[in-house]
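K.L.:
fold the following for me, if possible:
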Amino acid sequence: MNGSTRLQLRVTPGATRTSVVGRHGEAWKIKVAAAPEGGRANDAVVQFLARTAGVGRDDVTIVAGRSGRDKIVKLAGIEAGELDRRLEAAAGERGGTS
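P.N.:
Below you'll find the predicted structure:
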């Protein structure tokens, strides 16, 4: 996989556990256990997406929305269709990590 894709997210920090909730309009809704202080929620988003997408942490970059719930994230090394399949699988599992 050599492509990259941009992903729209709606992030809810301070959740019980980190997980993919599902679609939120055109975006994906993700809950993260980390609090929004000090960039911890953003770090949790990057780490979770890297693990879920099967790419390196350095391949995930928040390109817009660092201080808000609505974010645009760029993932290198994965095509949009494959990323959607992996997020759908993660949403179906509801087995996020804390």
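K.L.:
strands along this structure, start to end?
P.N.:
Under the criterion DSSP state E, strands of the chain are mapped to 4-12, 19-24, 27-31, 60-64, 70-76.
K.L.:
among those, which is nearest Arg86?
P.N.:
Arg86 sits nearest to strand 19-24 of all the strands of the chain, at 9.1 Å, using C-beta to C-beta. For the C-beta atoms, the positions are set from N, CA and C on the backbone; glycine is no exception.
K.L.:
show me what counts as buried in that closest one.
P.N.:
19-21, 24 (16 or more other C-beta atoms under 10 Å).
K.L.:
helices and strands around it, which ones?
P.N.:
Judged by 3 or more C-beta pairs under 8 Å, 6 or more residues apart in numbering; DSSP states H and E, strand 19-24 is in contact with strand 27-31, helix 80-93.
K.L.:
distance between it and the chain's centre?
P.N.:
9 Å (C-alpha atoms, centre = their mean, to the nearest Å).
K.L.:
if we can go back for a sec, weakest of the helices and strands packed on strand 19-24 by average pLDDT?
P.N.:
Lowest mean pLDDT of those: helix 80-93, a mean of 92.
K.L.:
who's in contact with that one?
P.N.:
Helix 80-93 has contacts (C-beta atoms under 8 Å, 6 or more residues apart in numbering) with 1, 3, 5, 7, 19-22, 28, 52-54, 75, 78, 96.
K.L.:
now do the phi/psi pair for Glu79.
P.N.:
phi -80, psi 160 (degrees, to the nearest 10).
K.L.:
what's around the residue nearest to it when sequence neighbours are not counted, how many residues?
P.N.:
The shortest distance from Glu79 to any non-neighbouring residue, by C-beta to C-beta, 6 or more residues apart in numbering, is to Gly3 (4.3 Å). Residues lying near Gly3 (other C-beta atoms under 10 Å) number 13.
K.L.:
let me see the confidence value for the closest residue to Gly39 other than its chain neighbours.
P.N.:
Take Gly39 and drop its neighbours on the chain: the residue closest to it by C-beta to C-beta, 6+ apart is Arg66, 7.7 Å away. Arg66 is assigned a pLDDT of 94 by the prediction.
K.L.:
just Gly3 next, same as before
P.N.:
The model's pLDDT for Gly3 equals 79.
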